[in-house]
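**Student:** Sharing a model that was predicted from the sequence below.
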Amino acid sequence: SAPPPFAGAHTPPPAPPGTGRPRGGKRVVFGMLAAVFGVVPLLLAGVATFVVVKNHRIQTGNDAFAAVAWHNLRTDEVFPDVLNDPDEAGVKPPGWSRQGIAEQKDCQGVLADKLTEAVIAQGCVSVLRATYVHIGGDMIATVALCVVGSYQQATEIEEEFRPETAPMVVPLAVPGTAAAAWNRKLAYVGRVKSVGLDTNSPPYVAAVTVGALNVRQYGKLPGEWATGGRHEQRVFQGTADEVVGAFARTFDNLANGR
C-alpha cells in the first residue's frame, strides 16, 4: 500500500468551474472591439468622400449635358404636356396644355424675320416649336427653343430684342385640336428670353407668340404681325412674358437635372 502522506502536506483544491479560459482573453476581445470601432469611422469617411466626388462628377456631367439637351432629350420632354412656371409650383393652377409639336427643326421660316436673321448670325443650329392652349380656354401660344452658338450669343439676342413686343414665332397650327385655326393673323404679341444662368452657359434662346382663341371676346385682331398700342396687345403682353419665362425656366431645370 502507498505510504501515508507526509505530515503537513495537503492536496490543492480543484479549480472552480468556468475558469478554464486562458488568461488575457478579455484583452483580446477589447482589442478586437477597438479595432472595429477604429475602422468604421475610416470606412464612413471613405464613403462620404466617394459621394462628394461622385456628385461633383454628376454636376460636371450636367453642365456638359445642358448644351446638348435639346438633341438628347425627346421633344415631348423639351415641351411638357402641361407648361407651368417651376418658380410658382403650387401657387398657380396648371396653365398651358400642349396641342402639338412641330417636326421641322431648321432655323428658316419658323421665326419672325428679324429674329431669324439674329439667330442665324449667332450660329443657329436648330429651332424647335410647340403650341399650347391656356387651360382657361381663351389664349393660345407657340413657343420656340432656338439653339445658337453659345450662352453669350443667346444673351446678346435677348438684349437686342428686349424692347420688342411683336410676335416672335410663326404660329404652329395643330389639326384636330383647339389650335387648328391658329395662324399669323390671330397673333398679338411676342417675347424673347435667353435660357439659364452663366453658371452652365447653355446656348439657348426661348421665344413666344401669343394670341386669342376667342376672336369675338377680344374684338378685331391686328393684321398679320401688326404691332401698336391696341388694348388687346397690352393685355396679352404680360401673358407673353409669363409664358416665355415659364418655358425658359422649365427647360433650364430639365437640362440641368433639377
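**Tutor:** Perfect, thanks for sending it. Residues are numbered from 1 along each chain as shown.

**Student:** residue boundaries of the helices in the stretch 1-150 of the chain?
**Tutor:** According to DSSP state H, counting those that start in this stretch, the stretch 1-150 of the chain carries its helices in the segments 25-66, 69-72, 75-78, 113-121.

**Student:** actually the stretch 151-258 of the chain, sorry about that
**Tutor:** Taking DSSP H, counting those that start in this stretch to define them, one finds helices in the stretch 151-258 of the chain at 151-161, 215-218, 231-255.

**Student:** got JSON lines for these, with distance to residue 69 too?
**Tutor:** Backbone N, C-alpha and C define where each C-beta goes, glycine included. JSON lines is the format used below for these (distance: least, CB to CB, whole Å):
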{"stretch": "helix 151-161", "distance to residue 69": "13"}
{"stretch": "helix 215-218", "distance to residue 69": "36"}
{"stretch": "helix 231-255", "distance to residue 69": "4"}
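
**Student:** which one of those helices is the most hemmed in?
**Tutor:** Ranked by mean neighbour count, these are led by helix 231-255 with a mean of 20 (mean count of other CB atoms under 10 Å).

**Student:** For that one, name the packing helices and strands.
**Tutor:** Contacts defined by 3 or more CB pairs under 8 Å, 6 or more residues apart in numbering; DSSP states H and E place helix 231-255 against helix 25-66, helix 69-72, helix 75-78, strand 82-83, strand 139-147, strand 187-194, strand 204-212.

**Student:** looking at these, which has the lowest confidence?
**Tutor:** When the helices and strands packed on helix 231-255 are compared on mean pLDDT, helix 25-66 scores lowest, with a mean of 53.

**Student:** Tell me where the stretch 151-258 of the chain is predicted with low confidence.
**Tutor:** The stretch 151-258 of the chain contains residues with pLDDT under 70 at 197-200, 215-233.

**Student:** need the contact list for the closest residue to residue 154 other than its chain neighbours.
**Tutor:** Nearest residue to residue 154 in three dimensions, chain neighbours excluded: residue 194, at 4.2 Å (CB to CB, 6 or more residues apart in numbering). If you count contacts by CB atoms under 8 Å, 6 or more residues apart in numbering, residue 194 has them with 151, 154, 155, 157, 158, 204, 205, 206, 248.

**Student:** Kindly reformat those residues as a markdown table containing distance to residue 92.
**Tutor:** Below are those laid out as a markdown table (distance: CB to CB, whole Å):
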| residue | distance to residue 92 |
| --- | --- |
| 151 | 29 |
| 154 | 27 |
| 155 | 28 |
| 157 | 28 |
| 158 | 24 |
| 204 | 24 |
| 205 | 25 |
| 206 | 19 |
| 248 | 17 |
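
**Student:** Of the residues you listed, which is the nearest to residue 89?
**Tutor:** When those are compared for distance to residue 89 (CB to CB), residue 248 wins out at 15.4 Å.

**Student:** And the helices of the stretch 151-258 of the chain: which comes nearest residue 112?
**Tutor:** Nearest to residue 112 among these is helix 151-161; the distance by CB to CB comes to 9.3 Å.
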